[in-house]
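what follows is a protein structure lacking sequence information:
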């Protein structure tokens with residue numbers, strides 16, 4: 001599964017599908033590229049050396065799963081806050097909980113190194129338990145899979 005989007009609802013869908021497939025006994029690999037990497041960023045500010053543009057880019061992007069907006073009707077973050085409130089009322093698992101479940105189910109999560117270079121994201125800025133590789137690694141995994149999704 002390729003996770004390209006950094007929208008809360010789409011990343012949640014990716015983790016729900018991945019966790020469901022892993023629970024059914026399937027081997028699951030999630031390849032996070034471009035905006036999808038934002039879901040894997042640590043919430044705290046990690047001091048790393050970056051160029052001016054990479055630093056600015058990092059400040060403009062959401063930092064972590066709790067900071068993602070929704071794909072429709074986000075309204076500057078109000079839509080995401082409303083969705084999280086309704087999800088809590090309905091006892092829906094949060095995105096950080098879904099990520100933790102994915103780790104516990106040994107879902108392979110790969111951060112795209114080319115996207116990291118372009119976006120100025122360093123390994124130490126991302127959550128623990130990830131692998132770092134390029135598209136060839138993902139394609140090697142995808143060649144052996146029966147299902148490939150792009151979210």
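Everything's here; your move. Just so it is clear, the model here is predicted, and its values are computed rather than measured.

what about the residue lying closest to residue 31 once chain neighbours are set aside, neighbour count?
In space, and not counting its chain neighbours, residue 31 is closest to residue 138: 4.1 Å by CB to CB, 6 or more residues apart in numbering. In this view, the C-beta of every residue, glycine as well, is placed from N, C-alpha and C. By the criterion of other CB atoms under 10 Å, residue 138 has 21 neighbours.

using the three-state scheme, assign residue 138.
helix (DSSP: H, G, I helix; E, B strand; the rest coil).

can you give me the strands in this protein?
2-3, 29-32, 108-112, 131-133 (DSSP state E).

make TSV from those and add mean neighbour count, distance to residue 148 and mean pLDDT to it.
Shown next, in TSV, are these (neighbours: other CB atoms under 10 Å; distance: least, CB to CB, whole Å; pLDDT from 0 to 100):
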stretch	mean neighbour count	distance to residue 148	mean pLDDT
strand 2-3	24	8	97
strand 29-32	25	10	97
strand 108-112	22	14	98
strand 131-133	14	16	97
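
tell me which of those strands sits nearest to residue 79.
Ranking these by proximity to residue 79 (CB to CB) places strand 2-3 first, at 20.4 Å.

what's the closest one packed up against?
Helices and strands touching strand 2-3, by 3 or more CB pairs under 8 Å, 6 or more residues apart in numbering; DSSP states H and E, are helix 8-23, strand 29-32.

distance check, the residue nearest to residue 31 against residue 18.
Going from residue 138 to residue 18 by CB to CB, to the nearest Å gives 14 Å.

what of residue 132?
Taking CB to CB, one finds residue 132 at 18 Å from residue 18.

before we move on, what about residue 131?
15 Å.

quick one: the worst-scoring helix or strand of the chain on mean pLDDT to chain centroid distance?
In the chain, no helix or strand scores lower on mean pLDDT, DSSP states H and E than helix 52-60, which sits at a mean of 88. Relative to its chain's centre, helix 52-60 lies at 19 Å (CA atoms, centre = their mean, to the nearest Å).
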